[in-house]
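In: need a structure here:
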Amino acid sequence: MAQNKFRGLGIALITPFRTDGSIDTDALIRLVEFQISHGADFLCIMGTTAETPTLTPDEKRTLKDLLVERVAGRVPLLMGCGGNCTAAIVHELQTFDWTGIDGILSVCPMYNKPSQEGLYQHFSAIAKASPLPVVLYNVPGRTGVNMTADTTLRLARDHHNIVAIKEASGNITQMDDIIKQKPDGFDVISGDDGITFPLITLGAVGVISVIGNALPAEFSRMVRLALAGDYASARHIHHKFAELFKLLFVDGNPAGVKAMLHAMGMIENQLRLPLVPTRLTTMKQISDIVHELGIKY
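Out: Numbering: from 1, shown residues only. I've put the predicted structure just below:
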């Protein structure tokens, strides 16, 4: 079994844009340094929160090279590589320059809604083609299909380089079933900030976090306390940010966290269509919480 390096606080890294729509590389570098210096254990790049479907192939390559150079091995890098055409993903795995990347995050196919056997065959093909450890990503709210615990466990047992799953099904019972029955060396990672604390108490090893873009110090402290078994202290932090968890997603992701980062003075509040910024009412609520909590960049 390959080793899972993706434990603790992982950041689902945003892609900051300038007002003209281009990628703001200066802001991205500042964000990376801010997160690494404030407790991030690994970075997840070019996932959902990065608005990856709106990036061109050239932009993806440029971003990957920039992030690899800037991070310089200080924390592991997990890079998104998924879609709804198995052959296209296999081709990318075989031809892309993965230098400096420590693992790939591959989401369940969206829109075409495969069966459980289809999901198994899809991820088996990816595991066989991947030169790197694979983290599965189950997020039925976005893909339209839920990968069951049985399918996840079957993949974990049959492929030594499938090392973890980012679980965002919202089904605690399903996640607990995976944790209870998983083979040694396979881990469950929370894909939802709001349930990270309870999921760690069940045996998850960390989170790939959206709120961590803006609050890496606070959220990493909660994660580390929970992993160390100090549930009372971790629960206090979890409850402190309960309202913020909801606000960050009320107008979609990453609109909420980008609004928060903008309120902190870190980025322009820009997204690429079809995504748009949060409503003014949500922006005001987020800004008020940032002010009340004394959060500064």
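
In: low pLDDT regions in this structure?
Out: Residues of the chain that meet the criterion pLDDT under 70 lie in 1, 295-297.

In: Now with 90, please.
Out: Low-confidence regions of the chain, defined here as pLDDT under 90, cover residues 1-3, 240-247, 286-297.

In: Can you show me the helices along it?
Out: If DSSP state H is used as the criterion, the helices of the chain fall at 25-37, 57-71, 86-95, 116-129, 140-143, 149-158, 172-181, 196-202, 216-227, 231-240, 242-247, 255-263, 280-293.

In: which one of these has the most crowded surroundings?
Out: helix 255-263 (a mean of 25; mean count of other CB atoms under 10 Å). Yep, even glycine has a C-beta here, placed from its N, CA and C like the rest.

In: returning to what we had before: quick check: which of the helices of the chain is nearest to Asn269?
Out: Shortest separation from Asn269 across those is recorded for helix 255-263, at 3.8 Å, computed as CB to CB.

In: Show me the contact partners of that closest one.
Out: 14, 16, 31, 49, 210-211, 213-214, 244, 247-250, 267-271, 275-278, 282-283, 286-287, 290 (CB atoms under 8 Å, 6 or more residues apart in numbering).

In: List buried residues within those residues.
Out: In terms of neighbour count (16 or more other CB atoms under 10 Å), the buried residues within those are 14, 16, 31, 49, 210-211, 213-214, 244, 247-249, 267-271, 275, 277-278, 282-283, 286, 290.

In: still on that earlier bit, out of the helices of the chain, flag the one nearest Ala2.
Out: Distances from Ala2 to each of the helices of the chain were compared by CB to CB, and the smallest falls on helix 116-129, at 10.1 Å.

In: C-alpha coordinates for that closest one, PDB please?
Out: Coordinates of each C-alpha in helix 116-129 appear next as PDB, following Å, rounded to 0.1, in the frame of the first residue of the first chain:
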ATOM      1  CA  GLN A 116     -21.400   1.400  -9.000                       C
ATOM      2  CA  GLU A 117     -19.700  -1.100 -11.300                       C
ATOM      3  CA  GLY A 118     -19.000   1.800 -13.700                       C
ATOM      4  CA  LEU A 119     -17.500   3.800 -10.900                       C
ATOM      5  CA  TYR A 120     -15.300   0.800  -9.900                       C
ATOM      6  CA  GLN A 121     -14.100   0.300 -13.400                       C
ATOM      7  CA  HIS A 122     -13.500   4.000 -13.900                       C
ATOM      8  CA  PHE A 123     -11.300   4.300 -10.800                       C
ATOM      9  CA  SER A 124      -9.600   1.000 -11.500                       C
ATOM     10  CA  ALA A 125      -8.400   2.400 -14.800                       C
ATOM     11  CA  ILE A 126      -7.200   5.500 -13.200                       C
ATOM     12  CA  ALA A 127      -5.300   3.600 -10.500                       C
ATOM     13  CA  LYS A 128      -3.600   1.400 -13.100                       C
ATOM     14  CA  ALA A 129      -2.600   4.500 -15.200                       C
END
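
In: what angle sits between that helix and helix 86-95?
Out: Between helix 116-129 and helix 86-95, the angle comes out at 10 degrees (axes from the mean of the first three to the mean of the last three CA atoms, to 10 degrees).

In: from here on, count from 8
Out: Taking 8 as the first residue, the last one we looked at is helix 123-136.

In: how far off helix 156-165 does helix 123-136 point, in degrees?
Out: 20 degrees.

In: contact partners of helix 123-136?
Out: Here helix 123-136 makes contact (CB under 8 Å, 6+ apart) with 88, 93, 96-97, 100-101, 111, 113, 115-116, 121, 141, 143, 152, 154-155, 157-158, 161-162, 165-166, 168-169.
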